[in-house]
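Q: Need coordinates for the following:
(one chain, ligands or ions: 1)
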Amino acid sequence: MRTDIGNALGGEPALTRDALDELDADVAAAHERIAAGMADDEFGYAALNLPETADPERIRAAVEPFADSEAVLTVGIGGSALGAATLSNALASDIDAYYLDNVDPEHTTRLLDSLDLSRTAVNVVSNSGTTAETLSNFLVVREAMESAGVDWTERTFVTTGPEGNLRNLATKHDLPALDVPAGVPGRFSVLSTVGLAVAAIQGHDIDAVLAGAAAERERLAGSLYDSPAYAYGATTYALAQRGALTNAFMPYAESLETFAEWFAQLWAESLGKDGQGQTPARALGATDQHSQLQLYRAGPRDKLVTLVRPTERADRDIPETDLEGLSYLGGESLGTLLDAEFEATEASLTAADCPNVRLEIDRVDERGLGELLFGMEAACVCYGELADLSTFTQPAVEWGKKAARGLLGGGEFEEAEAVRGKDRLVVE
Ligand SMILES: O=P(O)(O)OC[C@H]1O[C@](O)(CO)[C@@H](O)[C@@H]1O
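A: A predicted model of the protein is given here:
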């Protein structure tokens, strides 16, 4: 992974090279803390050891019984789906991958009706084993399999922690079960069983994913000028300190669209606490040049833009044409056009004093994805250290979970009732 922070300097909010040099001393201290956490396999920091500690052989062996599948259906939400989805939506495979990571009845019914459940492997993923959406979807999927005359215990495997409903279910029905590694929060689990099981079934080279991640891990160092990951973490932190509270994250590859979703959970859930944080806004290049760019260039000076691209792609030529004003495109390729759009957008942001950072990998392949995923995780941990945040927890999500349970009679939760009782102001 290459991180170019040149255009992050000298815009609005204003960040100078001197300020970045000054911050580098804090990056050295942050790296020391991170390295110590990794050495002790501490909660959260243990995720940065996965390039070394993940066991691809064991993952392949566990999913081997499902190698004959024509599709994999993952039932999981948040970190229990987004990492695996990032890999399967970025890489081509003959085995299709689907994700039930919401409880929308219409979508769930349409998806289940479209699948041959007798040829589908069902991967139920939950670190806690208690997430309502995941367990409800699993019960619905199991019922659909039974209605289709499919023995669900033959087609289902689980990925979960040492305890919880899912672990009990696996034990009771003797289902293949993968362990979520200890000390790894969901949103940091893509380089583990959680993110790699589906990729293994789809025949992707999970060793190469881990090798790309390991290469990025090797580059963690005591200076932002030596580590592409820390360069990104420190620069985005420094810009947030100066008012860039939105990070428009814009990959220039359709295959990286889900990567932006994965990044949004990582950045929001890790850094959004104690009144701090930087709002990740998912975008896609070149598409959102035609929807969001106006705001980025001419709106409030409260954001940075992260532009992500592979520098090599399988390309496609644009035929010669005599269409009025389009001859300049003839003979070019879609890839050269996309790169021109990338560089033009980067220049247009810089010309409008909108800070922007460029992230590049060689190709969207297993190794490149490993570099990006690990790089962003390490960048996030670095940002969290600099901001003195507890990067690996997400206490603020519990209120809503309790409230939903309360609304369904699953336990008293007065606070929710108090809020729900507030006067409504409906205009219709
Ligand atoms: O893997 P689990 O425990 O089902 O949790 C799913 C997701 O829900 C969260 O806990 C947030 O509610 C995320 O941190 C996590 O990735």
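
Q: contacting residues for the closest residue to R242 other than its chain neighbours?
A: Spatially, and ignoring its direct neighbours in sequence, R242 is nearest to P13 (3.7 Å; CB to CB, 6 or more residues apart in numbering). For every residue, glycine as well, the C-beta is placed using N, CA and C. By CB atoms under 8 Å, 6 or more residues apart in numbering, the contact list for P13 reads 239, 242-244, 301-302, 355.

Q: Tell me how many other residues crowd the closest residue to the ligand within the stretch 151-300 of the chain.
A: Using CB to the nearest ligand atom, the single residue of the stretch 151-300 of the chain nearest to the ligand is G186, 2.8 Å away. Neighbour count for G186, taken as other CB atoms under 10 Å: 25.

Q: Tell me the spacing between the closest residue to it other than its chain neighbours and the ligand.
A: In this structure, G186 finds its nearest non-sequential neighbour in G79, 2.7 Å apart by CB to CB, 6+ apart. Going from G79 to the ligand by CB to the nearest ligand atom, to the nearest Å gives 3 Å.

Q: so how far is V357 from G79?
A: 24 Å (CB to CB, to the nearest Å).

Q: more neighbours, the two?
A: G79 (26 against 23).

Q: mind checking the SS state of that one?
A: Under the three-state scheme (DSSP: H, G, I helix; E, B strand; the rest coil), G79 adopts helix.

Q: what does the stretch 101-250 of the chain put close to the ligand?
A: Residues of the stretch 101-250 of the chain lying close to the ligand (CB under 6 Å from any ligand atom) are 126-128, 131, 134, 186-187.

Q: Show me the shaky parts of the protein.
A: 412 (pLDDT under 70).

Q: how is it carved up into domains?
A: Under the assignment automatic domain parsing, the domains of the chain span 2-36+210-386, 55-180, 396-428.

Q: Have a look at the chain and report its longest helix.
A: helix 17-39 (DSSP state H).

Q: Can I get that one in CSV? Just the C-alpha atoms.
A: Provided in CSV are the C-alpha atoms of helix 17-39 (Å, rounded to 0.1, in the frame of the first residue of the first chain):
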residue,chain,number,x,y,z
ARG,A,17,4.3,20.0,7.2
ASP,A,18,5.7,21.5,10.4
ALA,A,19,2.6,20.4,12.3
LEU,A,20,2.9,16.9,10.9
ASP,A,21,6.6,16.7,11.8
GLU,A,22,5.6,17.8,15.4
LEU,A,23,2.9,15.1,15.5
ASP,A,24,5.5,12.5,14.5
ALA,A,25,6.9,12.4,18.0
ASP,A,26,3.4,11.3,19.2
VAL,A,27,3.3,8.7,16.4
ALA,A,28,6.5,7.2,17.8
ALA,A,29,4.9,6.9,21.3
ALA,A,30,1.7,5.5,19.7
HIS,A,31,3.7,2.9,17.9
GLU,A,32,5.5,1.9,21.1
ARG,A,33,2.1,1.4,22.8
ILE,A,34,0.8,-0.5,19.8
ALA,A,35,3.9,-2.8,19.6
ALA,A,36,3.6,-3.5,23.3
GLY,A,37,-0.1,-4.4,22.9
MET,A,38,0.8,-6.7,20.0
ALA,A,39,3.6,-8.3,22.0
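
Q: The stretch 301-428 of the chain: strands as residue ranges?
A: 303-310, 356-361 (DSSP state E, counting those that start in this stretch).

Q: Which residues of the stretch 251-400 of the chain lie near the ligand?
A: Residues of the stretch 251-400 of the chain lying near the ligand (CB under 6 Å from any ligand atom): 269, 394, 397.

Q: And those, which of them are buried?
A: 269, 394 (16 or more other CB atoms under 10 Å).

Q: R33: how many residues sit nearby?
A: Count around R33 with other CB under 10 Å applied: 15.

Q: Tell me how far the residue nearest to K303 when sequence neighbours are not counted lies from D353.
A: Leaving aside its chain neighbours, K303 sits nearest to T246 (3.8 Å; criterion: CB to CB, 6+ apart). As defined by CB to CB, T246 lies at a distance of 15 Å from D353.

Q: So for these two, which sits in the more crowded spot?
A: Legend: neighbour count by other CB under 10 Å for T246 and D353, higher for T246 (19 against 13).

Q: what sits against the more buried one?
A: 278-279, 281, 302-304.

Q: measure the residue of the chain most remote from its centre to T258 for me?
A: Here the centre of the chain is the reference, and by CA atoms, centre = their mean the most remote residue is D322, at 43.1 Å. When distance is defined by CB to CB, D322 is 39 Å away from T258.

Q: now do G203
A: 19 Å.

Q: For the two, indicate the residue with more neighbours.
A: T258 (22 against 12).
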